[in-house]
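**Q** Structure for the following, please:
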Amino acid sequence: MASDDIVIEDAARCPCSSGDVFGSCCGPLLQGAPAPTAERLMRSRYTAFGLRDATHLLRTWHPTSRPRTIDFEPDLEWRRLLVLDRLAGGPFDDQGVVEFEALWSQGTERGSLHERSRFVREDRQWYYVDGDVR
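**A** Below you'll find the predicted structure:
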């Protein structure tokens with residue numbers, strides 16, 4: 001699943017902080033199932049960053065803004081995800097915005113990434129387009 005062989009059991013808590021188990025939350029999305037909402041896609045992308053799953057990240061990045069490759073910081077650990085706001089992005093929408101804060105640690109440093117992400121839905125598939133880092 002992930003390039004560095006980071007494995008999460010289906011019965012384990014999902015890293016996206018949803019409170020659900022991985023096997024019924026982000027697990028199926030990382031295996032290719034479509035996300036029903038922009039927020040679910042955003043959560044799966046957070047999990048993919050933590051697992052260093054470039055395949056999922058590139059597959060769910062809109063072609064107009066997708067990078068050629070993704071480089072992961074070797075000792076960066078994503079600790080917790082907080083969803084702060086969402087605008088549209090439901091199963092019947094074609095656009096959505098999700099604002100989040102992702103807490104991280106790297107060695108002795110701690111910090112967070114605060115972003116307002118934009119998503120579009122095309123052919124029943126949600127894609128990450130871009131985000132404004134705050």
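
**Q** can we go C-alpha only for contacts and neighbour counts from here?
**A** OK.

**Q** For the host helix or strand of residue 49, what is the distance to the chain centroid?
**A** Assessed by DSSP states H and E, residue 49 sits inside helix 38-51. Here helix 38-51 is found 2 Å from its chain centre; the criterion is Cα atoms, centre = their mean, to the nearest Å.

**Q** Next secondary structure after that helix?
**A** Taking DSSP H and E, what comes next after helix 38-51 is helix 54-59.

**Q** Tell me who's in contact with the residue nearest the centre of the chain.
**A** The residue lying closest to the centre of the chain (Cα atoms, centre = their mean) is residue 45, at 1.6 Å. The contact partners of residue 45, by Cα atoms under 8 Å, 6 or more residues apart in numbering, come to 56, 57.

**Q** Now do the same for it: its pLDDT.
**A** pLDDT for residue 45: 98.

**Q** do the same with residue 7
**A** For residue 7, the predicted pLDDT is 84.

**Q** In a helix, it, correct?
**A** No: counting by DSSP: H, G, I helix; E, B strand; the rest coil, residue 7 is not found in a helix; it is coil.

**Q** one step back: send over the helix holding residue 49 as PDB, restricted to the C-alpha atoms.
**A** What follows is helix 38-51, C-alpha atoms only, in PDB (Å, rounded to 0.1, in the frame of the first residue of the first chain):
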ATOM      1  CA  ALA A  38     -14.700  16.100  -0.300                       C
ATOM      2  CA  GLU A  39     -14.000  15.700   3.500                       C
ATOM      3  CA  ARG A  40     -13.600  12.000   3.200                       C
ATOM      4  CA  LEU A  41     -11.100  12.500   0.300                       C
ATOM      5  CA  MET A  42      -9.200  15.100   2.400                       C
ATOM      6  CA  ARG A  43      -9.100  12.700   5.400                       C
ATOM      7  CA  SER A  44      -7.800   9.900   3.100                       C
ATOM      8  CA  ARG A  45      -5.100  12.200   1.700                       C
ATOM      9  CA  TYR A  46      -4.000  13.100   5.300                       C
ATOM     10  CA  THR A  47      -3.800   9.300   6.000                       C
ATOM     11  CA  ALA A  48      -1.900   8.800   2.700                       C
ATOM     12  CA  PHE A  49       0.700  11.500   3.700                       C
ATOM     13  CA  GLY A  50       1.200   9.700   7.000                       C
ATOM     14  CA  LEU A  51       1.600   6.300   5.300                       C
END
